[in-house]
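Student: Predicted model and sequence follow; I will ask about them next.
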Amino acid sequence: MTGLQVTVTPASDYPEVQVYGTVTASGTGQITVTVTLAGPGAATQSTSETESGRDSYAISHTLYLNPWCGHGPVTVTVTAGADSKSTTVPVSGC
């Protein structure tokens, strides 16, 4: 695992965020990418995908924030191997 680049873009008119990025690996072994949503008033949500065979992988997820409407911001965390990036985003469009 050599790098993780992530962009998190909240939508203004609907309670969702778009997560885009790239995972760069040092080899072609198996890599698990996990995207986790956590915030007040609702349970944590998580999604994972496992990739192998390449040294670069694109990340593209749409995350729905409906459970957090009226409860404030959420934290989006993307983990790949030992790398992790977190961003706090507002919940809007509710």
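Tutor: Received, thanks. Numbers count the residues shown, from 1 in each chain.

Student: Tell me how many other residues surround G70.
Tutor: Neighbour count for G70, taken as other Cβ atoms under 10 Å: 8. From N, CA and C alone the C-beta is placed, and that goes for glycine too.

Student: is T32 in a bridge, and if so with what?
Tutor: T50 (DSSP bridges).

Student: distance of it from W68?
Tutor: 25 Å (Cβ to Cβ, to the nearest Å).

Student: Look at the spatially most central residue of the chain and report its pLDDT.
Tutor: Nearest residue to the geometric centre of the chain (Cα atoms, centre = their mean): V35, 3.7 Å. In this model, V35 is scored at 93, pLDDT.

Student: Could you do V78 as well?
Tutor: 93.

Student: ok, now which ones touch it?
Tutor: 4, 6, 19, 21, 33-36, 59, 84-86 (Cβ atoms under 8 Å, 6 or more residues apart in numbering).

Student: the more surrounded of T32 and W68?
Tutor: Of the pair T32 and W68, W68 is the one with more neighbours under other Cβ under 10 Å, namely 22 against 13.

Student: Give the next helix or strand downstream of the lowest-mean-pLDDT helix or strand in the chain.
Tutor: Here the helix or strand of the chain ranked lowest by mean pLDDT, DSSP states H and E is strand 45-51, holding a mean of 87. Following strand 45-51 in sequence order, the next helix or strand is strand 56-64 (DSSP states H and E).

Student: For that following strand, name the packing helices and strands.
Tutor: Packing contacts for strand 56-64, counted by 3 or more Cβ pairs under 8 Å, 6 or more residues apart in numbering; DSSP states H and E, involve strand 16-24, strand 31-38, strand 45-51.

Student: ok, now with 7 Å
Tutor: Here strand 56-64 touches strand 16-24, strand 31-38, going by 3 or more Cβ pairs under 7 Å, 6 or more residues apart in numbering; DSSP states H and E.
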